[in-house]
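Q: Predicted structure and sequence below. I'll ask about it afterward.
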Amino acid sequence: MSNTTEQNDSPENNTSVEFKNSSQNSIEIPIVNVYAKGDYCAQVFIGHRKEPANLVLDTGSSTLVVQSEDYNPADDECLTATVYAQSITYGMGGWFGPVVKTKVSMGSESNSVELDDVNVAVAHKEQPGNFMGADGILGLAYYELNKAYDLSEYLNENNIKPAFTYPWFLADEQQDDSVKEFKKFLKDYPREYLTPYFTQLETQGVVANQFAFYVHRSSVYQTDSKRPLETLEQHPLNQGLFVLGMPRQHKQLYQGDFKKVKVLDDKYYNVHVESLQVGQCAARKAPLLKQINRRYRSNGIMDTGASAIVLPKSLFDQMLEDFKSINPQFDTILEPYKTFEGVEEGVDASLLDLAQWPDITITLEGFDDESVELVLTPECYWQMHAPEPNQASFQFVFLENWPNQCILGLPIMTRYYTIFDRRECEFGGVFFAEKK
């Protein structure tokens, strides 16, 4: 990031923050996984009217974006328009729209955090199913993933008054609705990095530079019969907590010592994956990034916006071989997962006896170059009653043409209270303790 970008976009003295009635600047925010098909959403309040939006909490991105139907900037007395537009694409989906600044709060009235002048993108166009059933995404990663483009030149050349991107400055007939095409248009203009929401909170001293997840599932628990979303939302297995502030103080959520994994780069929460081991089989070494893919920075990332664990195809195939060597029947059960069409798939749960399935150990690099083992029990990597009642969903997938990078999603966090602490070492660390 450049010094100029930090000066232009960092919170100034007119930015106000407030932490209401919280204990030592730390709050537990309820989260639920039913809106985004396994990813966890927190209710976030936007603008002076505090319009509620269920946003996916995503450590794999940095932008706070909300659908236009869930937040009406025209009615927001706190709004400040900007010259910026954004177009963000994810592993699946994408969107584009203007950036505004406004008030954002999280938590309940008696226990909340509130911040003015937050960068909020309003999705003008999005790819189908981009946010699934959620209202947007709250990115929790670093600056480099929060790219925006300064369209001052375009706005002035085209005599757009006032010279802001909101209200949206292009008529429908002037624009290509393709997210990729609009992204090409933006690249003709100066790029800057906007301060992400969590970084704004930390910069203003509202919270310590850390947060945590306490979750039970990586797929929606459907129960043993079809239930409406409102009922599923109330099931304890579909709920969790996002702890903002000082997560180690919340000792009622975890036990024992923390396992400490080093973050290697601040593009994503980049980690180094050493190996994957199925039961007592020989550990399989995780492949390293190829030189052409060095922009991904490391061979693993911790991503709360992923409801599965994504492996490089070679490592995925080796894992299946090891399952087959333990029990040939495992190979038959896993047959549907040898291809991946981008949607969660279930098998008949009666085929599974989880007591017969082995643990899976993923080994990561620790703070002092030591090896840190995270163990997934069968209950972690087989999600029962998902995606339909009386089905089971295998939580490892692969993506064709994906680089040699493991995306360590929610399944690895279902056993552990997981703290993302950006204060430790150069780029921070991810800490894992057994849940209570």
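A: Everything's here; your move.

Q: send the alpha carbons of stretch 206-217 over as CSV?
A: C-alpha atoms of stretch 206-217 as CSV (Å, rounded to 0.1, in the frame of the first residue of the first chain):
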residue,chain,number,x,y,z
VAL,A,206,-12.4,0.8,19.2
VAL,A,207,-11.3,-2.8,19.4
ALA,A,208,-8.0,-4.7,19.7
ASN,A,209,-6.7,-6.0,16.4
GLN,A,210,-8.3,-9.4,16.8
PHE,A,211,-11.6,-11.3,16.5
ALA,A,212,-12.8,-14.9,16.9
PHE,A,213,-15.3,-17.4,15.7
TYR,A,214,-17.2,-19.9,17.8
VAL,A,215,-19.1,-22.2,15.4
HIS,A,216,-20.5,-25.7,15.4
ARG,A,217,-21.2,-26.5,11.7
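
Q: model confidence over it, on average?
A: Stretch 206-217 carries an average pLDDT of 91.

Q: Just list the residues touching Gln391, thanks.
A: Gln222, Gly346, Val347, Asp348, Ala349, His385 (Cβ atoms under 8 Å, 6 or more residues apart in numbering). To be clear about C-beta, it is placed using only N, CA and C from the backbone, and glycine gets the same treatment.

Q: how close does the closest residue to Pro358 other than its chain neighbours sit to Pro196?
A: Once flanking residues are discounted, Pro358 sits nearest to Gly279: 2.9 Å by Cβ to Cβ, 6 or more residues apart in numbering. Relative to Pro196, Gly279 is positioned 40 Å away (Cβ to Cβ, to the nearest Å).

Q: Those two: which has the busier surroundings?
A: Just comparing Gly279 and Pro196: by other Cβ atoms under 10 Å the higher neighbour count belongs to Pro196, 24 against 14.

Q: Phi, psi for Phe323 please.
A: When read as degrees, to the nearest 10, the backbone of Phe323 gives phi -60, psi -40.

Q: hang on, I meant Ala123
A: According to degrees, to the nearest 10, Ala123 has phi -70, psi 110.

Q: how close does the residue nearest the centre of the chain get to Ala306?
A: Nearest residue to the geometric centre of the chain (Cα atoms, centre = their mean): Asp58, 1.7 Å. Using Cβ to Cβ, Asp58 is found at 9 Å from Ala306.

Q: can you list residues touching both of the two?
A: Contact criterion Cβ under 8 Å, 6+ apart; residues shared by Asp58 and Ala306: Asp39.

Q: Domain-wise, how is the chain divided?
A: Listed domain ranges for the chain are 3-207, 248-435 (source: automatic domain parsing).

Q: now these as CSV including distance to Val215?
A: As requested, the domains of the chain are exported to CSV (distance: least, Cβ to Cβ, whole Å):
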stretch, distance to Val215
domain 3-207, 6
domain 248-435, 6
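
Q: Those: lowest mean pLDDT?
A: Sorting the domains of the chain by mean pLDDT places domain 3-207 lowest, at a mean of 86.

Q: Strands of the stretch 51-200 of the chain, residue ranges please.
A: Remark: strands assigned in the stretch 51-200 of the chain by DSSP state E, counting those that start in this stretch are 51-58, 64-67, 80-89, 94-108, 111-123, 125-126, 136-139, 147-150, 191-193.

Q: for the stretch 251-400 of the chain, that is, sorry about that
A: Taking DSSP E, counting those that start in this stretch as the test, the strands found in the stretch 251-400 of the chain are 254-262, 270-271, 273-278, 284-285, 300-302, 309-311, 346-348, 360-365, 371-376, 382-384, 391-394, 396-398.

Q: Compare the ones you listed and give me the one nearest Phe431.
A: Checking the strands of the stretch 251-400 of the chain against Phe431 by Cβ to Cβ gives strand 254-262 as the closest, at 4.1 Å.

Q: same for that closest one, what does it pack against?
A: Here strand 254-262 touches strand 360-365, strand 371-376, strand 416-421, strand 429-435, going by 3 or more Cβ pairs under 8 Å, 6 or more residues apart in numbering; DSSP states H and E.

Q: picking that back up, mind checking the domains of the chain for the one nearest to His216?
A: His216 lies closest to domain 248-435 among these, at 6.0 Å (Cβ to Cβ).

Q: distance between the ends of the closest one?
A: Terminal residues of domain 248-435 lie 12 Å apart, using Cα to Cα, to the nearest Å.

Q: Please apply the same query to stretch 421-436.
A: Length of stretch 421-436, first residue to last, Cα to Cα: 20 Å.

Q: Contacts for that stretch next, please.
A: Stretch 421-436 has contacts (Cβ under 8 Å, 6+ apart) with 202, 208-210, 214, 252-266, 269-271, 302, 367, 372, 374, 415-420.

Q: Just the buried ones out of these, please.
A: Among the contacts of stretch 421-436, the ones that count as buried by 16 or more other Cβ atoms under 10 Å are 202, 208, 210, 214, 253-254, 258-266, 269-271, 302, 372, 374, 415-420.

Q: can you tell me which residues contact Cys242?
A: Careful, residue 242 is Phe and not Cys. For Phe242, the contact set (Cβ under 8 Å, 6+ apart) comprises Glu28, Ile29, Pro30, Ile31, Tyr40, Ala42, Leu57, Phe211, Ala212, Phe213.

Q: On the three-state scheme, it is what?
A: Assigned by DSSP: H, G, I helix; E, B strand; the rest coil, the conformation of Phe242 is strand.

Q: Please report the distance of it from Gln174.
A: Going from Phe242 to Gln174 by Cβ to Cβ gives 40 Å.

Q: same question, Ala163
A: Distance from Ala163 to Gln174, counting by Cβ to Cβ: 16 Å.

Q: okay, those two: which has more neighbours?
A: Neighbour totals were compared for Ala163 and Gln174, and Ala163 leads with 16 against 8 (other Cβ under 10 Å).
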